[in-house]
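Participant: Using only what follows, build the 3D model:
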Amino acid sequence: MENVATVNRCAWVGSDLLYREYHDQEWGVPVHDDRLLFEFLTLEGAQAGLSWITILRKRDAYRAAFAGFDPELVARFDQARVAELLTNAGIVRNRLKVESAITNARVFLKVQEEYGSFDAYMWRFVDGRPIRNAWRSIKEVPASTQVSDAMSRDLKKRGFRFVGTTICYAHMQAVGMVNDHTVDCFRWQELGGCCDEGSRQE
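Facilitator: Numbers count the residues shown, from 1 in each chain. Prediction:
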């Protein structure tokens with residue numbers, strides 16, 4: 001990897017090393033592992049009203065508190081476990097967010113059963129391949145799209161919580177369903193850049 005001090009990155013990254021590592025190694029990389037998809041879905045929901053860097057700093061604590069984001073284990077959490085989690089200073093101690101993670105784990109398992117994997121369910125919203133954009137400025141990057149609108153509606157209909165369209169679009173960006181690195185960022189080209197076939201600014 002290039003020297004962190006000399007490469008061009010998306011303007012939102014700033015100087016925080018944790019943010020840089022996340023941007024350079026994870027953000028926008030296509031994810032097809034169900035457990036990791038559940039992790040990002042949970043963390044994006046926890047972020048609501050907060051900054052993403054706040055959640056990144058709590059990520060290890062979340063992994064420990066939520067059984068490594070194994071949806072089968074999280075789905076079995078009871079009210080005693082909820083009460084325990086609400087005393088955990090390492091995570092966001094918001095009852096609605098904690099309970100939503102458990103609810104979402106249970107619905108997640110139903111989706112896996114219906115589609116064979118959560119990966120198959122989620123990636124159908126983008127026809128199985130990343131949307132590759134070519135934004136010149138962070139100001140051009142949308143907070144939501146018609147695709148995230150449709151995803152949000154479907155997730156809510158199935159019983160998922162904390163899955164508004166903005167959260168869904170952030171999820172799409174995080175798991176590489178859309179490449180929203182700006183064109184001056186070194187990761188834009190590494191993740192496939194943009195071409196006539198791949199550019200689907202939806």
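
Participant: What is the strand or helix carrying R35 packed up against?
Facilitator: Assigning secondary structure by DSSP states H and E places R35 in helix 34-47. Here helix 34-47 is seen to pack against helix 52-57, helix 59-65, helix 71-74, helix 95-115, helix 118-123, helix 165-174 when contacts are counted using 3 or more Cβ pairs under 8 Å, 6 or more residues apart in numbering; DSSP states H and E. Placement of C-beta: from N, CA and C, glycine included.

Participant: wait, R9 sits on E190?
Facilitator: No: R9 lies out of contact with E190 (Cβ atoms under 8 Å); the separation is 11.8 Å.

Participant: Give me the more crowded residue out of those two.
Facilitator: Counted by other Cβ atoms under 10 Å, R9 and E190 do not tie: R9 has more neighbours, with 19 against 14.

Participant: tell me the contacts of the more buried one?
Facilitator: Listed by Cβ atoms under 8 Å, 6 or more residues apart in numbering, the contact set of R9 reads 20, 23-24, 185-187.

Participant: Quick check: of those residues, which has the highest neighbour count?
Facilitator: Within the contacts of R9, neighbour counts (other Cβ under 10 Å) peak at C185, which reaches 23 neighbours.

Participant: Please state the backbone phi and psi of that residue?
Facilitator: Dihedral pair for C185: phi -90, psi 140, per degrees, to the nearest 10.

Participant: Surely it touches C10?
Facilitator: Yes: with contacts counted by Cβ under 8 Å, C185 reaches C10, the gap being 4.8 Å.

Participant: Tell me which entries of the contacts of R9 lie within helices.
Facilitator: Within the contacts of R9, residues falling in helices by DSSP state H are 20, 23-24, 186-187.

Participant: what's the spacing between the one residue sitting closest to the centre of the chain and R93?
Facilitator: Among the residues of the chain, the one closest to the centroid is H171, at 3.1 Å (Cα atoms, centre = their mean). From H171 over to R93 the distance is 22 Å, taken as Cβ to Cβ, to the nearest Å.

Participant: likewise E114?
Facilitator: Applying Cβ to Cβ to E114 and R93 gives a distance of 33 Å.

Participant: low-scoring stretches of the chain, by residue?
Facilitator: Scanning the chain for pLDDT under 70 picks out the ranges 1-5, 193-202.

Participant: residues contacting D34?
Facilitator: Neighbour list for D34: 71, 112, 117-119 [criterion: Cβ under 8 Å, 6+ apart].

Participant: Counting neighbours, which of the residues you listed comes out on top?
Facilitator: P71 (27 neighbours).

Participant: Show me what counts as buried in the helix holding R35.
Facilitator: 34, 37-47 (16 or more other Cβ atoms under 10 Å).

Participant: With stretch 98-115 instead?
Facilitator: Buried residues in stretch 98-115, counting neighbours by 16+ other Cβ under 10 Å, are found at 98-109, 111-112.

Participant: next one: stretch 18-30
Facilitator: 19-20, 22-24, 27-28.

Participant: Pick the one among these closest to T166.
Facilitator: Nearest to T166 among these, counting by Cβ to Cβ, is W27 at 16.3 Å.
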